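*Asks:* Provided below are the primary sequence and the corresponding predicted coordinates.
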Amino acid sequence: MLAEAWRFTGHDVLLHTLPLFHIHGLFAAINTVLASASGILLLPKFELPSALKHMSEVTVFMGVPTHYTRLLQDRRLNREATAHMRLFVSGSAPLLVDTHREFLRRTGHVILERYGMTETLINTSNPYDGPRVAGSVGPALPGVAARVTNRDSGAVEHQADVIGTLEIAGPNVFAGYWRDPEKTSAEFTADGWFKTGDLARIDRSGYLHIAGRVKDLVISGGCNVYPREVESELDALPGVAESAVFGAPHPDFGEGVTAVIVPRPERCCRKRRSSSPSTSAWLATRSQTRTAGRGAAQKYDGQGAEECLACNLRMPLSCFRGGTMCDNDTLGDMIEYRLRSAGLSRRQFGALSLGAGVLSLLPPVAGARPR
């Protein structure tokens, strides 16, 4: 199916840098090569210099979003370097819209994003011939059915662009979990559809858009907040390289919406020693948002440390006194505007700070006095 959908022929050579213990590298990549009698250049792992070097010898590359962001960090990536390439495929994690667009600008190639999982193999794909929509994983593949259901009632959502639980049916779906009939029964509906655990919407063109994981859903003050939607708004801001949104305990709303943001290096704050003491604060300490962002925060007393605060924020800075000012005097305002547009009230988020290289938008700390 994939060989046909992605137009593989015996003239193709796949540059393979993916792990072989994962469905992406083992099944989506190698099986497609075998089914089309095409060639493969198998490398031990992804390394930027090696990947760029071999692009003149291959026609197809399958990677994860991190591979594409790293390729974009190298100035040698351009139209000439990718002139021999026919297709770039991305999967295993959401590809940022900015990455999709910047790759097109630099190389002239439109990345083809698809969606799959271990239990189902590949479910949907942007078309080879036709619009490859940034931020979407495309329509269902031939023979595969995808539907969105109401998270509370289980009823099928027939209207377009309604976020709900994504379910898949088709010959690609596995029979069940090994020697675990209880889990198997729990993950299938009464009419035989597999519950992916993903939140998604299907647009009017039939393209699937992943909104996040069911377990990642933040329920704040009785309102459903979908992390992927907030992340998309934050990622669209100038100065933001990547973000991860998750829920943290909140004394009033039950859960507060929390964002860890990796700033672009060129938009980083000027740091200087704070002249006034800081109160206790929650600061994120890791920048790997896709692997460690959710919950990756620790208690930090700020004593004798360098801190940065965004300028001119019109939101309650519950966690800080003093600090230094940011070069970007509009970033805080834009973040508050974006979160408000996502339906979040002022009381559902609190301090904005830049520490350890990570910009963190965090709920107010109980007992702290607003600045």
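*Replies:* Happy to help now that I have it. Numbers count the residues shown, from 1 in each chain.
*Asks:* Show me what the closest residue in space to residue 228 that isn't next to it in sequence bridges to in the sheet.
*Replies:* In space, and not counting its chain neighbours, residue 228 is closest to residue 212: 4.0 Å by Cβ to Cβ, 6 or more residues apart in numbering. For the C-beta atoms, the positions are set from N, CA and C on the backbone; glycine is no exception. Here residue 212 sits in beta bridges with residue 199, as judged by DSSP bridges.
*Asks:* how close does residue 212 sit to residue 198?
*Replies:* To residue 198, residue 212 is 7 Å away according to Cβ to Cβ, to the nearest Å.
*Asks:* And residue 192, by the same measure?
*Replies:* 18 Å.
*Asks:* Give me the more crowded residue out of the two.
*Replies:* Neighbour tally, residue 192 and residue 198, criterion other Cβ atoms under 10 Å: the higher count belongs to residue 198, 21 against 9.
*Asks:* and the residue nearest to the more buried one when sequence neighbours are not counted, bridged to which residues?
*Replies:* The shortest distance from residue 198 to any non-neighbouring residue, by Cβ to Cβ, 6+ apart, is to residue 166 (4.5 Å). Going by DSSP bridges, residue 166 is paired in beta bridges with residue 148.
*Asks:* Residue 166 touches residue 140, doesn't it?
*Replies:* No - using Cβ atoms under 8 Å, residue 166 is not in contact with residue 140, being 10.8 Å away.
*Asks:* Which residues are in contact with each of these two?
*Replies:* Residues within reach of residue 166 and of residue 140 at once, by Cβ atoms under 8 Å, 6 or more residues apart in numbering, are 146, 208.
*Asks:* Can you show me the helices along this protein?
*Replies:* 2-5, 23, 32-36, 48-54, 65-72, 97-107, 181-186, 227-235, 289-292, 331-341 (DSSP state H).
*Asks:* Dump the ones you listed into JSON lines; add mean neighbour count, distance to residue 85 and mean pLDDT as well.
*Replies:* Rendered in JSON lines, the data for those read as follows (neighbours: other Cβ atoms under 10 Å; distance: least, Cβ to Cβ, whole Å; pLDDT from 0 to 100):
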{"stretch": "helix 2-5", "mean neighbour count": "18", "distance to residue 85": "18", "mean pLDDT": "97"}
{"stretch": "helix 23", "mean neighbour count": "19", "distance to residue 85": "23", "mean pLDDT": "91"}
{"stretch": "helix 32-36", "mean neighbour count": "18", "distance to residue 85": "16", "mean pLDDT": "97"}
{"stretch": "helix 48-54", "mean neighbour count": "14", "distance to residue 85": "11", "mean pLDDT": "97"}
{"stretch": "helix 65-72", "mean neighbour count": "19", "distance to residue 85": "11", "mean pLDDT": "93"}
{"stretch": "helix 97-107", "mean neighbour count": "17", "distance to residue 85": "8", "mean pLDDT": "95"}
{"stretch": "helix 181-186", "mean neighbour count": "11", "distance to residue 85": "41", "mean pLDDT": "96"}
{"stretch": "helix 227-235", "mean neighbour count": "21", "distance to residue 85": "26", "mean pLDDT": "85"}
{"stretch": "helix 289-292", "mean neighbour count": "16", "distance to residue 85": "25", "mean pLDDT": "31"}
{"stretch": "helix 331-341", "mean neighbour count": "18", "distance to residue 85": "35", "mean pLDDT": "52"}
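*Asks:* possible to save these as a markdown table with distance to residue 202?
*Replies:* Formatted as a markdown table, the helices of the chain follow (distance: least, Cβ to Cβ, whole Å):
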| stretch | distance to residue 202 |
| --- | --- |
| helix 2-5 | 19 |
| helix 23 | 23 |
| helix 32-36 | 25 |
| helix 48-54 | 34 |
| helix 65-72 | 22 |
| helix 97-107 | 18 |
| helix 181-186 | 24 |
| helix 227-235 | 15 |
| helix 289-292 | 24 |
| helix 331-341 | 23 |
